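> Sequence and predicted structure are below.
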Amino acid sequence: MAVAWVTGASSGLGLHTARALCAAGWQVVGGARSLSAEEQPGLLHLPLDVTDDGSIAAFVREATARYGAPDALVNAAGVLLIGACEDYAAQELQRVMDVNFLGMARMVRAALPLMKERGRGRIVTFSSVNGLLATPFQGAYTASKHAVEGYSEALLMEVRPHGIQVMIVEPGDHRGGQEKYRGRSAHCSAGYLAARDRAAAVIARDEAAGSDPARLGNRVARALARRRMPARLRVAKPSQHMAVILHDLLPTGLFTLLLGTYYGVSRRK
């Protein structure tokens, strides 16, 4: 039975991906900060904080002791923080980068030697449509996902000679994420407050009307079952696919004006 490690497996897209892999016959080791050690057929839960090297080492020790080296690593842990770029505290920026980007890189470092030793493996990393284009008041999240995109593309080229494949998953809005992983910056300047609240309302509306996360989990499971994974897998609504296309086709000034208008932030005071 093939073994998959899944981070962020307690909620949202990580949870649904873990479920889909388990249903597809994988032995899944799911990690998250809120999980405690618990086992059921095809699924082992272990505590995992991707910002803590000690927690990662303990996860790797227990997972490999139970099932050996992973055939796949799925990096799905993530947090979102809504706020103005000017207002983010350094600690807030660090937190988002530490989970979304550096946490992913730590897990890759932990899994890669085990995969290289066997001459095979698959790494799936969750980016976002925001890894390709920015949206207002999600600057920290957007920055982290742009970092994920660049790192993963470089990784893909570096590990190919070792028999290891890399896939970048770019979800659009999906339902079901837990609010504890979504927050607002502790401070918002008066000049941004109304625009931030309008943008946050649009973000919440789009997520509530988002795609079925179980469908995304099944898409990832099917991609992992292929002999050759696609380098990128975008799972989004047609309007979000179109936004990515227009981002590359339109002048930046025009595109950002249109997108800012959609989020209610382009109006002048």
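Alright, I've got the coordinates. Residues are numbered from 1 along each chain as shown.
> Show the contacting residues for residue 233.
The neighbours of residue 233, taking CB atoms under 8 Å, 6 or more residues apart in numbering as the test, are 167-170, 219-220, 223. Using the backbone N, CA and C atoms, a C-beta is placed for each residue, glycine as well.
> Skip the chain neighbours and tell me the closest residue to residue 141.
residue 80 (5.0 Å; CB to CB, 6 or more residues apart in numbering).
> Show me which pair in the contacts of residue 233 is furthest apart.
Comparing all pairs in the contacts of residue 233 by CB to CB, the longest separation belongs to 168 and 219, at 13.2 Å.
> Show me which of these two is the more surrounded one.
Between residue 168 and residue 219, residue 168 has the larger neighbour count (other CB atoms under 10 Å), namely 24 against 17.
> Now do that one against residue 255, distance only.
The spacing between residue 168 and residue 255, counted by CB to CB, to the nearest Å, is 22 Å.
> Likewise for residue 234?
With distances defined as CB to CB, the gap from residue 234 to residue 255 amounts to 18 Å.
> Please name the spatially closest residue to residue 4 (chain neighbours excluded).
Of all residues not flanking residue 4 in the chain, residue 72 sits nearest, at 4.3 Å (CB to CB, 6+ apart).
> now do residue 84
Residue nearest to residue 84 in three dimensions, not counting chain neighbours: residue 192, with 4.2 Å by CB to CB, 6+ apart.
> Can you say which helix or strand has the one you found in it?
Of the helices and strands defined by DSSP states H and E, residue 192 is found in helix 190-208.
> quick one: average pLDDT of that helix?
If you average the pLDDT over helix 190-208, you get 92.
> Now tabulate the contacts of residue 233 in a markdown table and tack on secondary structure.
Converted to a markdown table, these look like this (DSSP: H, G, I helix; E, B strand; the rest coil):
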| residue | secondary structure |
| --- | --- |
| 167 | strand |
| 168 | strand |
| 169 | strand |
| 170 | strand |
| 219 | helix |
| 220 | helix |
| 223 | helix |
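> next structured bit after the host helix or strand of residue 74?
Using DSSP H and E, residue 74 falls within strand 72-75. The C-terminal neighbour of strand 72-75 among helices and strands, as given by DSSP H and E, is strand 80-82.
> mind listing what that next one pairs with, with the direction of each?
Strands that pair with strand 80-82, judged by DSSP bridges, come out as strand 182-184 (parallel).
> Comparing residue 234 and residue 255, which residue is more hemmed in?
residue 234 (19 against 16).
> can you tell me the helix or strand for the more buried one?
Residue 234 belongs to strand 232-235 when elements are defined using DSSP H and E.
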